[in-house]
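A.B. asks: Here you go, sequence then predicted model.
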Amino acid sequence: MRDGFAVDKWLLLAVAALLALGVTMVLSTSYLYSQERFTDGTYFFRKQLIAISAGLVALVICSLLPSALYRRLSYPLLGMTLLVLVLVLIPGIGVARGGARRWLMMLGFAFQPAEMAKLAIVLYLAHSMARKADKIKTFSLGVLPHLIVGAVFVAALLLEPDFGTALILAALLYLMLFVGGVRLSHLLATGLMALPLLVYVMLTAEYRLRRLLTFMDPWREASSSGFQVVQSLIAFGSGQLWGRGLGESRQKLFYLPEAHTDFVFSVVGEELGLLGALVVLVLFGIIIARGLRLSAKIEEPFEQYLAFGLTVLLGLQALIHMGVVMGLMPTKGLVLPFISYGGSAMVINLMEAGILLGLSRRRL
Amino acid sequence: MRRADQGNRLRLGVAKVFFLVLFVVAAGRAFQLQVLQGEKLKRLGERQHLKEWIVLPKRGAVMDRTGEPLALSLEAQSVYARPHRIHDPGSVSRALARILNLDLVEVKQKITADKPFVWIKRQISPQEAEQIQALSADGIGMFYEPNRYYPQGQLAGQVIGFVGRDSEGLEGLELHYNGYIRGETGSSVIERDALGRRVLVQGVEGLQIPPGGDIHLTLDTSIQHLAEKELEATISKYRAKAGIAIVVEPFTGEVLALANYPSFNPNNFSKQSSQQKRNRAVADSFEPGSTFKTILAAAALEEGVVGKDDLFYCEMGKYAYAGKVVHDTHPHGWLPFSKILQVSSNIGFTKVAEKLKRERYFKYIEKFGFGQVSGIDVPGEVPGLLRKPESWSAIDLATHAFGQGISATPMQMVMAYATIANGGFLMRPYLVRRVVGPKGEVLLENQPHVVRRVVSEKTSRLLASMLKEVTNEGGTGMMAKVEGFEVAGKTGTAQKADLTHGGYAAAKRVGSFVGFVPADAPKLVALVLVDEPEVNVYGGVVAAPVFRNIARGALHHLAVAPQKPDLVPAAVGQAEHPVRRTLKKETAADGSTAAVPDFVGLSLREAVEKARAIGVKVKMRGNGYVVRQLPAPGGRWDEENILLLNLQG
């Protein structure tokens, strides 16, 4: 039985280290904010601890479930996810915060269907691509169905709007199709066809265009649209080599918006310096390296694609979050897995890590 | 299948490189931001985090020479709300509206606003503050804010001036002594959050700001009050535009009273005109008229060109001189010099000026302080207009002799007379005796300052005796006479320059009287100037009686014994005396003192006002509310009518 539990130690260690750092950062970044809003500094911290506990339970369960079950669950989960993605758009059912209708209230918890969508898409793609492995080179059977499902999900997410998750899903779709062996010509052609659509989406929403322009030159609009990015750069940069020290961030004193969610890496940089930032980078690097190594080791197509998809999902989220914080990408509103405050993301990310660990368990 | 598998592995390898590149880019960017640009970004951050935190010190008080407060700093509380922290906006807003007497809807709007911080009401009363404190509602708090209060209202308002924002004196003594009275602003660099609030950092909390120094004036509130009251009375009686009264101690230059009418109340300075704020006694110059003859008399006596009894022919009222005709109001023939001064003969003085010559005359005009500021310790003083003798035409010598073609501030005029009163020294006038720091240390002490000796003691004695005749039978200033005392002085009735047409305005006059009393051992020198009276214009009529009333009250207040007791009318005694403002109403007619009223529970401000209303002097200890008083309520006043109040916050 000992062998049965022997998961990838590196992977487990990286996730555990990120979780430990995460709760610390959530306490540090949210304390004053929740003190201000709820006169209770540990309000977010305690909610986060509950989410992590639930997530860890989910992680253990997910690591123990057989992959055949995931295969069987992939279609029902896809259908269910699509349902909640539509439900969340309906006013009165979906809860809007800050102009985006992204939350469903369930059992007193706010739940983001978008987080579920990421996992559902990975399971669906892994299953479908494995099933159609021999037809993957044909456009109509190997490419089109996946593109259609992907496009529906992306469209639903854009309606919330949740441009960040939509982008992750699109990138995930293409990366998985690429690794699954889809012809490059098919990928290029559909990619080019999607380009005008992307431009349309960018230009129709005024704030997205502004974000994009701001991204080009944030300092010009430092007091308005460039505010978030500029504040983030100030925070991240002022950490310098060693950081100000844990809890010593100045920028979290309401200069930096969403310090505990979308810009948590900024405060990591400010409080822990280049050293801390690199530690986080390396920990995600370990997850990706181990995930990709695992995927390469696995012979069975579904498990291989699943491992790849989950790795890409975690890796992309982390990289995009860090890219936004460091001003390399336009503002998206994406959390940093295992670190940022947010219940749905935490539980789903830990489930993804659990599945990944489960896959590693059967390979070692 | 196998080939496809290998293709997949190749593509997995490509994906690995893809992620590797992204990680290298991310790490490189982190290095760039934190190491290469770290210093610059940190400085940018500090620009928004760090702020100089200013703590205003408590401004010092202004007190008259007896310790009566004229300006006080009360630390009033201001109520604010932090809407996000209020749990029950309904009941909190009802309570706030009730306590602070505000509109319920407005309060509710404020405390439900989506803002981290809003003011509910600034500068509330201590009673209100106590009720707010008792409310102890979450999200409602109070700050101390300094608030300037002038318990005597308009009394010496233009002299004291007023204070603007950030405890900066803007006018009067508040401005001139701002450096002493304001105290040093405490400041430290603090960190603040994005909402502009101070971040609690150790050490900043304990910032102790020493308060500003207290100013002790030379002014005497009793004499000041009397001067203002008498000035106002004559102005309304003669329908004048404005008026000025100054009382100075001649040997030191201490200003005992400085009154300007129309009056100015610094408690609501913003609502009053700039004319009212003006301290015209130093800021405006007037043609002095006949009061200036004394300067010529002093010069001529000092230079020995005339003697007291030298005779001059006064041309029976009309004297052709330098192509013009000099007039007297009454025709006179041969008169001795002393008589010329007594009847204020223009012709006589023209002849004296001819004997003195313009250069020597001018030298004395300057020595008496005309054409230069007196150096008094208030802002805005002007030197007046003086023309060089080289530019005088022949007639100018005559007009200067009777005070035309020259302008002087009332302060210069009164100091010139003080020179004659004190034996020949021009003193520098001053309003502040000393500034006392928070620990009782003397920060500044103004000593009497001799500007220069102007005339000999002999000359000044002689001139004083001549000026006495002005207020005696046959003089122009008879109405200035104070019962029991000899008054030396001079009347003046000057024409006013017509600012629109040039020359002199037909009907506009400035009537004045300047003099000192007792003439032989002067205790005070005073000037009264009435600007544009309508009913009567003569200084001997509109100004001299004001001088008399002020001098009489002031002499009594200063306990100067009458020189000629037989001349004191029996009735002019204690009870009716105008300067004795103390215990006006509550002193029963039969002479027994009324019961002491209850002050317990009143705020500092209310106590001061109540005490002022019944005319008792107050000595206070502490801050906040009256918790104890001596004498006790219902008790008897002691002889000095001093009320001791203990206050607690």
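C.D. replies: Arrived safely, thanks for sending.
A.B. asks: Next up, the contacts around the residue of the stretch 201-350 of chain A found nearest chain B.
C.D. replies: Closest to chain B within the stretch 201-350 of chain A is A:Gly237: 3.0 Å, counting by Cβ to the nearest Cβ. Glycine gets a C-beta too; all of them are placed from N, C-alpha and C. Residues in contact with A:Gly237, defined by Cβ atoms under 8 Å, 6 or more residues apart in numbering or on different chains, are A:269, B:33-34, B:37-38, B:40-42.
A.B. asks: Apply 10 Å and report the result again.
C.D. replies: Listed by Cβ atoms under 10 Å, 6 or more residues apart in numbering or on different chains, the contact partners of A:Gly237 are A:266, A:269-270, A:274, A:326-327, B:30, B:32-45.
A.B. asks: Without its sequence neighbours, what residue ends up closest to it?
C.D. replies: Of all residues not flanking A:Gly237 in the chain, B:Leu41 sits nearest, at 3.0 Å (Cβ to Cβ, 6 or more residues apart in numbering or on different chains).
A.B. asks: about what we covered before: ok, of the contacts of A:Gly237, which come out buried?
C.D. replies: Buried members of the contacts of A:Gly237, counted by 16 or more other Cβ atoms under 10 Å in any protein chain shown: A:266, A:269-270, A:274, A:326-327, B:30, B:33-34, B:37-38, B:41-42, B:44-45.
A.B. asks: could you list every residue that touches B:Ala561?
C.D. replies: Taking Cβ under 10 Å, 6+ apart, one finds B:484-485, B:518, B:555 in contact with B:Ala561.
A.B. asks: Show me what the closest residue to B:Gln224 other than its chain neighbours is bridged to.
C.D. replies: For B:Gln224, ignoring the flanking residues on the chain, the nearest one in space by Cβ to Cβ, 6+ apart is B:Ala257 at 4.3 Å. B:Ala257 has these beta-bridge partners by DSSP bridges: B:Val247.
A.B. asks: Which residues are in contact with the closest residue to chain A within the stretch 1-150 of chain B?
C.D. replies: Relative to chain A, the nearest point of the stretch 1-150 of chain B is B:Leu41 (3.0 Å; Cβ to the nearest Cβ). Neighbour list for B:Leu41: A:230, A:233-240, A:270, B:33-34 [criterion: Cβ under 10 Å, 6+ apart].
A.B. asks: Quick one: those residues as TSV, columns for secondary structure, pLDDT and distance to B:Lys58 too.
C.D. replies: Listed next are the contacts of B:Leu41 as TSV, based on DSSP: H, G, I helix; E, B strand; the rest coil; pLDDT from 0 to 100; distance: Cβ to Cβ, whole Å:
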residue	secondary structure	pLDDT	distance to B:Lys58
A:Val230	helix	86	41
A:Leu233	helix	90	44
A:Ile234	helix	90	38
A:Ala235	helix	90	40
A:Phe236	helix	92	44
A:Gly237	helix	91	43
A:Ser238	helix	90	38
A:Gly239	coil	89	42
A:Gln240	coil	88	43
A:Glu270	helix	92	40
B:Leu33	helix	91	47
B:Gln34	helix	92	46
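A.B. asks: contact partners of whichever strand in chain A runs longest?
C.D. replies: Ranked by number of residues, the top strand in chain A under DSSP state E is strand A:100-106. Taking contacts as Cβ under 10 Å, 6+ apart, the residues outside strand A:100-106 that touch it are A:84-85, A:87-91, A:93-97, A:109-116, A:157, A:159-163, A:165, A:333, A:344.
A.B. asks: cutoff 6 Å now
C.D. replies: By Cβ atoms under 6 Å, 6 or more residues apart in numbering or on different chains, the surrounding residues in contact with strand A:100-106 are A:88, A:94-95, A:110-112, A:160-162.
A.B. asks: now for the helix or strand containing B:Thr459, which elements pack on it?
C.D. replies: Per DSSP states H and E: B:Thr459 is located in helix B:457-470. Judged by 3 or more Cβ pairs under 6 Å, 6 or more residues apart in numbering or on different chains; DSSP states H and E, helix B:457-470 is in contact with helix B:293-302, helix B:337-343, helix B:410-421, strand B:488-497.
A.B. asks: and the ones you listed as JSON lines, adding mean neighbour count and mean pLDDT?
C.D. replies: Formatted as JSON lines, the helices and strands packed on helix B:457-470 follow (neighbours: other Cβ atoms under 10 Å in any protein chain shown; pLDDT from 0 to 100):
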{"stretch": "helix B:293-302", "mean neighbour count": "25", "mean pLDDT": "95"}
{"stretch": "helix B:337-343", "mean neighbour count": "23", "mean pLDDT": "92"}
{"stretch": "helix B:410-421", "mean neighbour count": "29", "mean pLDDT": "96"}
{"stretch": "strand B:488-497", "mean neighbour count": "26", "mean pLDDT": "90"}
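A.B. asks: Could you report the distance from the residue nearest to B:Glu315 when sequence neighbours are not counted to B:Thr294?
C.D. replies: What sits nearest to B:Glu315 in space, not counting adjacent residues and going by Cβ to Cβ, 6+ apart, is B:Ile347, at 5.1 Å. For B:Ile347, the distance to B:Thr294 (Cβ to Cβ, to the nearest Å) stands at 17 Å.
A.B. asks: And B:Ile120, by the same measure?
C.D. replies: From B:Ile120 to B:Thr294 the distance is 62 Å (Cβ to Cβ).
A.B. asks: what do you get for B:Leu463?
C.D. replies: 7 Å.
A.B. asks: Likewise for B:Arg98?
C.D. replies: 66 Å.
A.B. asks: Please name the residues that touch A:Ala54.
C.D. replies: A:Val347 are the contacts of A:Ala54 under Cβ under 6 Å, 6+ apart.
A.B. asks: nope, B:Leu100 is what I meant
C.D. replies: B:121, B:128.
A.B. asks: can you rerun that using 7 Å?
C.D. replies: B:79, B:120-121, B:124, B:128 (Cβ atoms under 7 Å, 6 or more residues apart in numbering or on different chains).
A.B. asks: Please tell me how far it sits from B:Glu609.
C.D. replies: From B:Leu100 to B:Glu609 the distance is 21 Å (Cβ to Cβ).
A.B. asks: Checking the residue nearest to B:Glu315 next. Helix, strand or coil?
C.D. replies: helix (DSSP: H, G, I helix; E, B strand; the rest coil).
A.B. asks: returning to what we had before: what is in contact with B:Leu463 and B:Thr294 at once?
C.D. replies: Shared contacts of B:Leu463 and B:Thr294, counting by Cβ under 7 Å, 6+ apart, come down to B:Ile420.
A.B. asks: Quick check: residues of chain B near chain A?
C.D. replies: B:4, B:7-9, B:11-12, B:15-16, B:19, B:22-23, B:26-27, B:29-31, B:33-35, B:37-38, B:41-42, B:44-45, B:48-49, B:84-85, B:116, B:191, B:193-195, B:199 (Cβ under 7 Å from any Cβ of the partner chain).
A.B. asks: Tell me how many other residues surround B:Glu354.
C.D. replies: Per other Cβ atoms under 10 Å in any protein chain shown, the neighbour tally for B:Glu354 reads 17.
A.B. asks: same deal with B:Asn641?
C.D. replies: 19.
A.B. asks: just B:Trp392 next, same as before
C.D. replies: Neighbours of B:Trp392 (other Cβ under 10 Å): 18.
A.B. asks: What of A:Leu188?
C.D. replies: 10.
A.B. asks: Help me confirm that it is found in a helix?
C.D. replies: Yes: according to three-state DSSP, the state of A:Leu188 is that of a helix.
A.B. asks: Within the helices and strands, which one has the most centrally placed residue in chain A?
C.D. replies: The residue lying closest to the centre of chain A (Cα atoms, centre = their mean) is A:Gln317, at 3.8 Å. Per DSSP H and E, A:Gln317 falls inside helix A:301-325.
A.B. asks: Any part of that helix near chain B?
C.D. replies: Yes: counting by Cβ under 7 Å from any Cβ, chain B is contacted by helix A:301-325 at A:315, A:319, A:322-323.
A.B. asks: Walk me through which strands the longest strand of chain A pairs with, and which way each runs.
C.D. replies: Here, using DSSP bridges, strand A:100-106 pairs with strand A:94-97 (antiparallel), strand A:109-111 (antiparallel).
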